[in-house]
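Asker: Here is my input; please provide its structure:
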Amino acid sequence: MTPALSSLTVALFAAASSSLTTMPSSPRRSLSMTSASTVNTAFLSARTCQRTKRTLSFSSSLSSRSFVSQSSKLFGTLPDGTSSSYEIDTDEGAEQSLAETPVINGKSPSIVNANGVNGKVNGNSGNDRFAPLLDKMNLSLDSLKDLPSYRPISSDDVFCNRELRLDNLRAIGFDMDYTLAQYRQPQFDQLAFDGAKEKLVNALGYPKEVLDFEYDHTYWVRGLIIDTKRGNFLKIDRHKYVRVAYHGFQPISSNMRKYLYSRTFNKVPSFTEKAFVNMDTLFQHVDAHLFASLVELKDFGEHEFLDGKTYAEIFRQVRECVDLCHRDGVIKDEVARDPEKYLVLDDGLLPMLRKFRDTGVKVFLLTNSNWEYTSTAMNYLFHEKKMDEETQKKNEWLELFDLVVVGSCKPAYLTDPYLNLFRVLPEDGSLKNTDGLFEIEALGENGADKFLEQGKTFQGGNWNHLQAMLGTEAGEEILYVGDHLYADVLRSKRALGWRSCFIMPELTEEMRIFHGQMGLMKSITELRKLRDELSSYADSLRRQMESASFSEGRNMEKKLEQIEEDDGKIKDKLTEAHREYHSAFHPRWGQMFMAGYQDSRFGYFVKNYACLYTSKATNLGLASTARAFRTSGELLPHDNMLADKNSEFVDTEAE
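Answerer: Below you'll find the model as predicted:
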């Protein structure tokens, strides 16, 4: 080892050792980042020492061997020996383990049994499907004999985008609307739709024809984008390419769509500008249908009132009227009068919440709904019937939670540290000021517990208050379950590092249709592979033509003409088949998670920000608290092509 390298290595080791002694114990994320940047240096230096048979001497009198041992111990776990909710299996750290695996003749030892003679399933079962795998990997497994001969999959399953261990969580939180409280459609939406229509006409002077608008919730799907400036509705893919667009209820032609959203120079829309509104929650179906109806009325009706308004102004007033319906009693009073008509009971709700609390996990409710509506809805879900006023005032449902936050104003709750926290008195819904974090700190040891003993229902505040009351030290210790892709999932994940579970009631129908269309989807996939292979073959012919004789060139030209003709046939068939496939999901918008052959923007965000997703919150209760959720793995296009059974790798660099 050269003197320069030696001094650099010692300096890095010393810095790592120093950082461990001075690092605070609470920020787990900081520790994992530090370990990631220093642990490779430790192992590389240890290897260098072994090769040169030298020992590094540190001011702390640690030998290289003892330091590696210490660093492994320190970097391998989080403070106090706790585990991370990201830690699933040791096989997830395969890349890290490479640094600890001996290398023989430039290769790590193989565990694959090439002859395939030792693996077996002990006992008779319907699991012969695993026999080839076990033979190849030299495994003998006793538990497989009781495994079903197929894996049942339903929308009651919880699906995983990012590994998560339930037993390493310290708190689980839930949104209420469309999460714990599921609503009957279209009955619930109709309340907001009708209430907003009346406000537009009676309060804002819109034409009386607005009162004749009829609501159709089936017209819309989540994940669309509303262009409020132009009165358009868009479905885009993960690359921000607009795949389909409507103006009001009128389809926009392909040429016009491209002109508006693609063929611009040095001005590609990000669709995050103020004029674009994402339909991230089922609540926004009401906004969309009312806005589209008004766009139609403005375009085709004879109304000076609407002629003088921009599309953006119309949408803003629609949004204000719908929002007011959620605050002024139009919705709350009707749900309180007849909750059975609007709320869906789920017999798995109470057992799930009690199970989490019984295992020591703190359970909280975090909702934007105000206290009066939250109390109305949760009382009905708790008692499973409408109760008298005296019983409702007891709010016995509060026993299901360690703390409750209403009127939270998400997503600001997750990003604005200056929002004030108020205590809610459940008896009458009145508010009381608190000093938030200062009050908790002033209470001394176990200040959070003492603070919650005074009452566990709150309004407003921000994530700092919540995490202080929960006693969590890192975002990854919290799993938040909600239905709003932006306010519940994306913001909590991106800003705070919370684990997230996205609720999609539509998933049940999406899965049912996908299963029924799998045959067609496989045919489409194979046709696309064939088309791509023909294109690749045509390219090879063009390269050969550059050095071919005249007669050979003419022959190749004929082949290229035939390929072009066949490509046209495949393209026409794919267009027809893909239209049939997408229309099975929705006659206008197609498959919710896909746009063309790409992930839709909605699907992209679900994949990237929802650690888990499922059709309803109580599906989490079907999993044991020891459950570890694993991803199915992902492949890039080159690996996907190589994995195809009809592909063959050609090593062009082989000597």
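
Asker: List the buried residues for stretch 400-409?
Answerer: 400-408 (16 or more other CB atoms under 10 Å). All C-beta atoms are positioned from the backbone trio N, CA, C, and that covers glycine.

Asker: just stretch 467-482 next, same as before
Answerer: 467-470, 472-482.

Asker: same deal with stretch 503-514?
Answerer: Result for stretch 503-514 [16+ other CB under 10 Å]: buried residues 503-507, 510-511, 513-514.

Asker: Quick one: the residues you listed as TSV, columns for secondary structure too.
Answerer: Below are these laid out as TSV (DSSP: H, G, I helix; E, B strand; the rest coil):
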residue	secondary structure
Ile503	strand
Met504	coil
Pro505	coil
Glu506	coil
Leu507	helix
Glu510	helix
Met511	helix
Ile513	helix
Phe514	helix
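
Asker: which of those residues lies closest to Glu313?
Answerer: Glu506 (31.1 Å; CB to CB).

Asker: So which of the buried residues of stretch 467-482 belong to strands?
Answerer: The members of the buried residues of stretch 467-482 that map onto strands under DSSP state E are 478-482.

Asker: Make TSV out of the residues you listed and add distance to Met137 and pLDDT.
Answerer: Formatted as TSV, those follow (distance: CB to CB, whole Å; pLDDT from 0 to 100):
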residue	distance to Met137	pLDDT
Ile478	37	97
Leu479	33	97
Tyr480	38	97
Val481	36	98
Gly482	40	97
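
Asker: Out of those residues, which comes closest to Met176?
Answerer: Gly482 (9.2 Å).

Asker: which secondary structure elements does the longest helix belonging to the chain contact?
Answerer: For the chain, the helix with the greatest residue count under DSSP state H is helix 550-585. Judged by 3 or more CB pairs under 8 Å, 6 or more residues apart in numbering; DSSP states H and E, helix 550-585 is in contact with helix 507-516, helix 518-545.

Asker: from the buried residues of stretch 467-482, which single one is nearest Asp177?
Answerer: Once CB to CB is applied, the member of these that ends up nearest Asp177 is Gly482, at 9.1 Å.

Asker: Leaving out chain neighbours, which residue sits closest to that closest one?
Answerer: Setting aside the residues directly before and after it, Gly482 is nearest to Asp488 in space (CB to CB, 6 or more residues apart in numbering), at 2.7 Å.

Asker: Report the contact partners of that neighbour.
Answerer: 175, 179, 410, 480-482, 500, 502 (CB atoms under 8 Å, 6 or more residues apart in numbering).

Asker: Likewise for Pro426?
Answerer: 371, 375, 393, 395, 398, 455, 457.

Asker: Of these - the most surrounded one?
Answerer: Ser375 (24 neighbours; other CB atoms under 10 Å).

Asker: Packing partners of the helix or strand where that one lies?
Answerer: For Ser375, the host element (DSSP states H and E) is helix 371-383. Secondary-structure packing of helix 371-383 (3+ CB pairs under 8 Å, 6+ apart): helix 332-337, helix 339-342, strand 343-344, helix 389-394, strand 403-406.

Asker: Show me what counts as buried in the first one.
Answerer: Residues of helix 332-337 classed as buried by neighbour count (16+ other CB under 10 Å): 332, 334-336.

Asker: now, which of those residues sits nearest Arg238?
Answerer: Val335 (37.3 Å).

Asker: Contacts only, for the closest residue in space to the closest one that isn't next to it in sequence.
Answerer: In space, and not counting its chain neighbours, Val335 is closest to Tyr342: 5.0 Å by CB to CB, 6+ apart. Residues in contact with Tyr342 (CB under 8 Å, 6+ apart) are 183-184, 187-188, 191, 334-335.
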